[in-house]
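Visitor: structure of the sequence below:
(one chain, ligands or ions: 1)
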Amino acid sequence: MTTSLSTDAPSTSALAREVIGLTVTFPGDLVALQDVDLQVRVGEFVAVVGPSGCGKSTLLRVLAGLTPTGATVTGTTAGTTPAAWMPQRDGLLPWRRALPNALVGARIAGIDRDVADARARALFDEFGLAGFERAWPHELSGGMRQRLALLRTCLPGRPVLLLDEPFGALDAITRRRMNAWLAGLDLAGHGRAVVLVTHDVDEALLLADRVVVLSDRPGRVVLDLPVPREGTDGARHALLDALDPQGRS
Ligand SMILES: Nc1ncnc2c1ncn2[C@@H]1O[C@H](COP(=O)(O)OP(=O)(O)OP(=O)(O)O)[C@@H](O)[C@H]1O
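Guide: Numbering: from 1, shown residues only. Model (predicted):
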């Protein structure tokens, strides 16, 4: 399946995001990330995996151009390609129905109301949310809320998508569908890039061109692995080894 989602950026092979020597320290000398180097090129799908608390969300925030609350950030960052960030919490506005919630980012991005409305209605269908345009967020299941939040993130067509565990609340079948949708994005053709934080190694292998493994906190890059197109068993072992070096037999 190839998913056609309009984007406001031309197709290039440019650097979408780069961090070099990134160190993030929270108050109390809590070092969340240490000396992290990461490059994401337009057209790439990069998955970031690592143990809980190793700094994945913090890294995504920095890639989004945000300074995590209270943090000291050192190192260099580059890449100005506009990005849309989906945080772990869905952040839906409880006082707005589903469709107006979906349109929030598009309105902020200055997209014409009718254009955004038409795009949103098409995506409600693709995301299995057709018929729920007028539902209130509290009337949606956890998985539906997550899909709505992802739809809202994708709607403005920003070239870089930064997705923090977007499928955590989804049942296996819906997760497969959403994976297929993401896998069908013609990233290179639309000048896009995706950085996906996930706990699921198989999801990372299915979707990504590269998988970056962070160590236990302070998070450092312990593996940056290109995913082979065919036969991912070896890559899977390498990832599991990097995630749990002590578990090696
Ligand atoms: N605003 C903050 N103030 C203080 N400490 C923070 C803050 N945000 C994150 N941390 C700490 O930084 C470390 C990394 O947190 P982060 O949320 O980036 O990890 P994560 O890998 O995304 O975790 P998880 O997989 O459980 O979501 C943790 O020890 C966390 O407690």
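Visitor: dump the residue contacts of V19.
Guide: V19 sits next to 36-38, 59, 62-63, 75-78 when contact means Cβ atoms under 8 Å, 6 or more residues apart in numbering. Where C-beta positions appear, they are placed from N, C-alpha and C, glycine not excepted.
Visitor: out of these, give me the one that has the most neighbours.
Guide: The residue in the contacts of V19 with the most neighbours, by other Cβ atoms under 10 Å, is L59 (28 neighbours).
Visitor: quick check: it vs the ligand, distance?
Guide: Separation of L59 from the ligand (Cβ to the nearest ligand atom, to the nearest Å) stands at 7 Å.
Visitor: quick one: contacts for the closest residue to that residue other than its chain neighbours?
Guide: Sequence neighbours aside, L33 is the residue nearest to L59 in space, at 6.0 Å (criterion: Cβ to Cβ, 6 or more residues apart in numbering). Contacts for L33 (Cβ under 8 Å, 6+ apart) come out as 22-24, 55, 58-59, 62, 214, 218-220.
Visitor: related to what we said a few turns ago, the contacts of V19 in strands, which ones?
Guide: 36-38, 75-78 (DSSP state E).
Visitor: so how far is whichever strand or helix holds the residue nearest to L59 from its chain's centroid?
Guide: Take DSSP states H and E as the rule and L33 turns out to sit in strand 30-41. Computed by Cα atoms, centre = their mean, to the nearest Å, the chain-centroid distance of strand 30-41 equals 16 Å.
Visitor: from the contact counts, what lies against the following helix or strand past that strand?
Guide: Heading C-terminal from strand 30-41, the first helix or strand you meet, by DSSP H and E, is strand 45-49. Counting contacts by 3 or more Cβ pairs under 8 Å, 6 or more residues apart in numbering; DSSP states H and E, strand 45-49 is packed against helix 56-63, strand 193-197, helix 201-207, strand 210-214.
Visitor: let's see 7 Å
Guide: Other helices and strands packing on strand 45-49, by 3 or more Cβ pairs under 7 Å, 6 or more residues apart in numbering; DSSP states H and E, are strand 193-197, helix 201-207, strand 210-214.
Visitor: got TSV for the ones you listed, with mean pLDDT too?
Guide: Below are these laid out as TSV (pLDDT from 0 to 100):
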stretch	mean pLDDT
strand 193-197	94
helix 201-207	92
strand 210-214	97
